[in-house]
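Visitor: Fold the following, please.
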Amino acid sequence: MALTPTVLLDGLIFPECPRWHDGRLWFCDVNARKVLALGPRGDCEVMLTPDVPPAGLGWRPDGSLLVVSTTDRRLLRQQAGGLREVADLAARESVALNDMVVDAHGRAYIGAWGFDLNRGATPAPACVFLVDLDGSVSVAADAMMFPNGMVITPDGRTLVVAETVARRLTAFDIAADGTLSGRRVWAELETFPDGICLDAEGAVWVAAPVTGDCLRVREGGAVAERVAVPGKGTYACMLGGDDRRTLYLCTAKTTPRDLAEDRSTGWIESVRVDVPGAGLP
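Guide: Take a look at the predicted model:
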């Protein structure tokens, strides 16, 4: 039997990239060009208004916020006076940047589009980039089919990436310097994965925009639980709350063509689950 979520916040365009940080749910309203934080009483605060649609969010150990700037393909850092560039990836990715996870050292893994999904371009491989603390950029993994949501296990030794077009979760070993190796299929999926989050039993919650649900998937592909969101797409998920047992969902009624033209209607929804969140983000 599928779990049923409750709407916490409406009036959004296209919510994505949720993160539980400092007692609040942070997320991007991508097409509205906003980064927001939702409090436990339903109070929502605009934290940033970037010039370019934002995507992945993450924090360095010093508490500074990193933000992916999608269409101009940059990584930005919030500092006194506004957002400052950490790295420019435009020479390495021609379309857009996607989601991101920041590790415990402050290094950022960022997925690239590789092709214009929203305008129906032919699928093409893309990279996951590693941005180091000094702003240097390297290719962490290539030949990825639309790398999207990412998680890092609590021991910091494994990265799991949702490859949307390939309908799979792919895992890598993380070396001490942040480089990746040991590429392997973590799970083949029945649907197209978008955002993901990890729980304390090592299962991955997978947002599935096409089928409109969120799946709890074990390594190997077995589906342990399902949250149904009829009539909407679920684009990202995050385990948060004081006990990290609240599963937050970013949902929307939209299509790729609508998103290309900034047409969408979005919500933040939530449901209680048994196993708390773990790892990063």
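Visitor: number of nearby residues for residue 2?
Guide: Counted with other CB atoms under 10 Å, the neighbours of residue 2 add up to 14. Placement of C-beta: from N, CA and C, glycine included.
Visitor: For it, which non-adjacent residue is spatially closest?
Guide: residue 228 (3.8 Å; CB to CB, 6 or more residues apart in numbering).
Visitor: so residue 31 sits in a helix?
Guide: Yes - assessed by DSSP: H, G, I helix; E, B strand; the rest coil, residue 31 belongs to a helix.
Visitor: Pull up the gap between the residue nearest to residue 210 when sequence neighbours are not counted and residue 101, please.
Guide: Nearest residue to residue 210 in three dimensions, chain neighbours excluded: residue 192, at 5.2 Å (CB to CB, 6+ apart). Using CB to CB, to the nearest Å, residue 192 is found at 19 Å from residue 101.
Visitor: Those two: which is more packed in?
Guide: For residue 192 versus residue 101, neighbours defined as other CB under 10 Å are more numerous around residue 101 (25 against 20).
Visitor: right, and the more buried one touches residue 153 too?
Guide: No - with contact defined as CB atoms under 8 Å, residue 101 does not reach residue 153; the gap is 11.0 Å.
Visitor: one step back: quick one: residues contacting the residue nearest to residue 210.
Guide: Contacts for residue 192 were tallied using CB atoms under 8 Å, 6 or more residues apart in numbering; they are 164-165, 167, 208-210.
Visitor: Filter those down to the buried ones and express that as a ChimeraX selection.
Guide: The buried subset of these, as determined by 16 or more other CB atoms under 10 Å, is captured in ChimeraX by this line:
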select :164,165,167,208,209
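Visitor: Just flag the most distant two among the contacts of residue 192.
Guide: Within the contacts of residue 192, 165 and 208 form the most distant pair, 13.6 Å apart (CB to CB).
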